[in-house]
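Peer 1: Predicted structure and sequence below. I'll ask about it afterward.
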Amino acid sequence: MVENLRDHGYRLGLLSVHAKEWIEHCEPVSKPKPEAFLHIVDRMGASPETCSFTDDSKVNVDAATALGLTGIVFTDASALDVQIGKLLPDYRQPARSKPVRPFVPRLGMRESPGLPKSRTAGL
């Protein structure tokens, strides 16, 4: 899923105490503190309304949603795949060799017809 999102031109951030090399922005700050979410959104040059957040903790997802992010509670990979497909209709399309869509200020990144007009999505 991560590679597919990146191949489609979506920028990804990780809010975790464990850094991952394949993520553009990784912040070792504690969820569900609002400043943790807002810091990574700001570092990515985005706004909360254009970001999505996925976590296995409903408390963390609720905190992100309260700030304006689109929240997805992770239960399993298949369910997440379905949720991402609903948010990002192009997610299941073959990716272009190089992303050509411009990033929109926000975690996500690009406007997505699957989200309300004010939102784009990321992970």
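Peer 2: Arrived safely, thanks for sending.

Peer 1: Find the least confident helix or strand in this protein, judged by mean pLDDT.
Peer 2: Among the helical and strand segments of the chain, the one scoring lowest on mean pLDDT, DSSP states H and E is strand 25-27, with a mean of 55.

Peer 1: quick one, helices of the chain?
Peer 2: For the chain, the helices defined by DSSP state H occupy 2-7, 34-43, 58-66, 77-87.

Peer 1: between these, which one is nearest to Ala95?
Peer 2: Across the helices of the chain, Ala95 has its closest neighbour in helix 2-7 (3.6 Å, Cβ to Cβ). Using the backbone N, CA and C atoms, a C-beta is placed for each residue, glycine as well.

Peer 1: mind listing what's buried in the closest one?
Peer 2: Buried positions in helix 2-7, judged by neighbour count with 16 or more other Cβ atoms under 10 Å: 4-6.

Peer 1: repeat for stretch 60-77
Peer 2: For stretch 60-77, burial by neighbour count (16+ other Cβ under 10 Å) applies to 60-61, 63-65, 67-73.

Peer 1: do stretch 83-91 as well
Peer 2: For stretch 83-91, burial by neighbour count (16+ other Cβ under 10 Å) applies to 83-84, 87-88, 90-91.

Peer 1: hang on, the earlier thing: of the helices of the chain, which approaches Glu49 most closely?
Peer 2: Nearest of the helices of the chain (Cβ to Cβ): helix 34-43, 9.6 Å.

Peer 1: Now the closest one: buried residues?
Peer 2: 36-41.

Peer 1: so can I have CSV of those showing distance to Ala79 and pLDDT?
Peer 2: Below are these laid out as CSV (distance: Cβ to Cβ, whole Å; pLDDT from 0 to 100):
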residue, distance to Ala79, pLDDT
Ala36, 24, 86
Phe37, 22, 89
Leu38, 27, 90
His39, 28, 85
Ile40, 24, 83
Val41, 24, 88
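
Peer 1: Let me have those residues in JSON lines, extended by distance to Cys51.
Peer 2: Converted to JSON lines, the buried residues of helix 34-43 look like this (distance: Cβ to Cβ, whole Å):
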{"residue": "Ala36", "distance to Cys51": "13"}
{"residue": "Phe37", "distance to Cys51": "8"}
{"residue": "Leu38", "distance to Cys51": "10"}
{"residue": "His39", "distance to Cys51": "12"}
{"residue": "Ile40", "distance to Cys51": "9"}
{"residue": "Val41", "distance to Cys51": "6"}
